[in-house]
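*Asks:* Any chance you can model this:
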Amino acid sequence: KRMVLNFFVVTNVVILVLIHPMVLKRSFGMFSCRRIGDKMFLNDDYSVECWSQEHTFWTYLVAIPSVITWGLGVPTLFSVMLYRNRKKLDQLETKMKYGFLY
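*Replies:* Now for the predicted structure:
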């Protein structure tokens, strides 16, 4: 049972570390606009006018929560996990779970 839990933790931490930069890049991409003529368009999709009703809706619904969750939440989660295990960082089991975070 303990081995399954350790495997679960390691798998989820690795997945979070791998997708973290991609999610943040896409989230910040919602704020990246380019002026074409007298209008601003989303760099990732020139059919979307920046700060139009549709763009604003998706920015507030997805981009801002994603930046907060992934930009602050995930690093905070990793910091808390390391802090809680700070006295066991030399143990093999802890190194196997969180070793690549420190």
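*Asks:* CA only for contacts and neighbour counts going forward, please
*Replies:* Noted.
*Asks:* Wait, a strand at Ser47?
*Replies:* Yes - membership of Ser47 in a strand is supported by DSSP: H, G, I helix; E, B strand; the rest coil.
*Asks:* For Ser66, which non-adjacent residue is spatially closest?
*Replies:* Ser27 (6.2 Å; CA to CA, 6 or more residues apart in numbering).
*Asks:* middle-most residue in the chain, spatially?
*Replies:* Trp70 (3.0 Å; CA atoms, centre = their mean).
*Asks:* Next, the contact list for that one, please.
*Replies:* His20, Val23, Leu24 (CA atoms under 8 Å, 6 or more residues apart in numbering).
*Asks:* where does it fall, helix, sheet strand or coil?
*Replies:* Trp70 - assigned by three-state DSSP - is helix.
*Asks:* Can I get stretch 24-36 in PDB? Just the C-alpha atoms.
*Replies:* In PDB, the C-alpha atoms belonging to stretch 24-36 read as follows (Å, rounded to 0.1, in the frame of the first residue of the first chain):
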ATOM      1  CA  LEU A  24       1.800  28.800 -18.100                       C
ATOM      2  CA  LYS A  25       2.900  29.600 -21.600                       C
ATOM      3  CA  ARG A  26      -0.600  29.100 -23.000                       C
ATOM      4  CA  SER A  27      -2.100  31.100 -20.100                       C
ATOM      5  CA  PHE A  28       0.200  34.100 -20.600                       C
ATOM      6  CA  GLY A  29      -0.400  33.800 -24.300                       C
ATOM      7  CA  MET A  30      -4.000  35.000 -23.700                       C
ATOM      8  CA  PHE A  31      -2.400  38.400 -22.800                       C
ATOM      9  CA  SER A  32      -0.100  38.600 -25.800                       C
ATOM     10  CA  CYS A  33      -1.600  40.800 -28.400                       C
ATOM     11  CA  ARG A  34      -0.400  42.500 -31.600                       C
ATOM     12  CA  ARG A  35      -1.500  45.600 -33.200                       C
ATOM     13  CA  ILE A  36      -2.700  45.200 -36.800                       C
END
